[in-house]
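>>> with the input below, show me the fold.
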Amino acid sequence: MSYFGVGKIYHKSNGSCVYNVRSIEEISVIIAHFDKYPLLTQKQADFLLFKAVFEIIKSKDHLTEKGFHRVLGLKASINKGLSPELKKAFPNIIPIERSQLSCDSKVTEPNWLAGFTTAEGCFLVRIINKPNNNTQILLQFKLCQHIRDEKLFRSIVDFLGCGRVYLNKRSVDFFITKFGDISGILIPLFLKYPVQGVKHFNFLDFVKVAEIKKSNSPLTEENISSIRNIKSGMNYGRS
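Reported below is the predicted structural model:
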């Protein structure tokens, strides 16, 4: 919030918090920022629709029937669209066509990747118990987005020189699972260009596990116990 100098933070009962900007004057600050630093994902299309609504409201055209219906048409194409109640109240609203980002959109900036990871990334530790007390420790880095951002995700592979992209029915995942890539590429990147918020602490725990794994082969029971303890406090386990 201090970065933009506008908006408010609300704490929810489930332990999460929400950053909210509502007034036209303050929203103009947000729009100016993303005009200068455009989004790379297809969420840019939502931003352009949002900006169109902002311009209508700013000019007070939403107070006319034509302007109000255009706002509804724009809203119908943003995120999840119109609510069932609005669809019932305004059955003849036609969604405004969404624009599509250029296929040339790609990752070229490490700070962008750090910011995107702050919002969408996961640092994961998997502990696999195998026969004969042969416990396996796997580290994974994951990004997930809507399937429409497949090409952008493939550009992350090119940018980092590692990782793989997996397609699901409606989403696309980017994974780094090779320990050499994690210790030699991913960790040095985020040490230089840190992720923010609570996810930074998950990253630091992720690094601790990597250091134990790298320095101790084979892992002792004490090592594994330490890793289990670190893992228990990461992600959803972090208080």
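>>> count of neighbours near residue 143?
Neighbour count for residue 143, taken as other Cβ atoms under 10 Å: 21. Any C-beta I mention is one placed from the backbone N, CA and C, and that applies to glycine too.
>>> same deal with residue 211?
With other Cβ under 10 Å as criterion, residue 211 counts 12.
>>> do a quick rundown of the strands in this protein.
8-11, 17-20, 121-128, 136-146, 164-167, 171-176 (DSSP state E).
>>> so which elements touch the longest one?
Using 3 or more Cβ pairs under 8 Å, 6 or more residues apart in numbering; DSSP states H and E as the contact criterion, the secondary-structure elements in contact with strand 136-146 are helix 110-120, strand 121-128, helix 150-160, strand 171-176, helix 198-215.
>>> if we use 6 Å, what do you get?
Applying 3 or more Cβ pairs under 6 Å, 6 or more residues apart in numbering; DSSP states H and E, one finds that strand 136-146 contacts strand 121-128, strand 171-176.
>>> domain map for the protein?
Annotated domains of the chain cover 8-89, 110-237 [automatic domain parsing].
>>> which of those domains is buried the deepest?
Among those, domain 110-237 has the highest mean neighbour count (mean count of other Cβ atoms under 10 Å), at a mean of 15.
>>> measure that one end to end?
With Cα to Cα, to the nearest Å as the measure, the ends of domain 110-237 fall 28 Å from one another.
>>> which non-adjacent residue is nearest the residue nearest the centre of the chain?
Centroid check for the chain by Cα atoms, centre = their mean gives residue 120 as the closest residue, at 2.3 Å. Nearest residue to residue 120, sequence neighbours excluded (Cβ to Cβ, 6 or more residues apart in numbering): residue 143, at 5.5 Å.
>>> and that neighbour, what does it touch?
120-121, 174 (Cβ atoms under 6 Å, 6 or more residues apart in numbering).
>>> is it in a bridge, and if so with what?
residue 121, residue 174 (DSSP bridges).
>>> and residue 96, which of the domains of the chain is closest to it?
Among the domains of the chain, the nearest to residue 96 by Cβ to Cβ is domain 8-89 (4.7 Å).
>>> of the helices and strands packed on strand 136-146, give the one that comes closest to residue 81.
strand 171-176 (18.5 Å).
>>> hmm, who's touching the closest one?
141-145, 147, 150, 153, 156, 162-166, 182, 186.
>>> now that strand against strand 121-128, angle please.
70 degrees (axes from the mean of the first three to the mean of the last three Cα atoms, to 10 degrees).
>>> now strand 171-176: average pLDDT?
Average pLDDT, strand 171-176: 96.
>>> next one: stretch 69-88
93.
>>> nearest residue to residue 168 in space, please, no chain neighbours.
Closest to residue 168 by Cβ to Cβ, 6+ apart is residue 147, at 7.2 Å.
>>> per-residue pLDDT, the one you found?
90.
>>> repeat that for residue 201.
96.
>>> make residue 1 into 40 and carry on from there
Noted, 40 is the first residue going forward, which turns the last one into residue 240.
>>> mind checking how far the residue nearest to it when sequence neighbours are not counted is from residue 268?
Of all residues not flanking residue 240 in the chain, residue 277 sits nearest, at 6.8 Å (Cβ to Cβ, 6+ apart). Distance, residue 277 to residue 268, by Cβ to Cβ, to the nearest Å: 13 Å.
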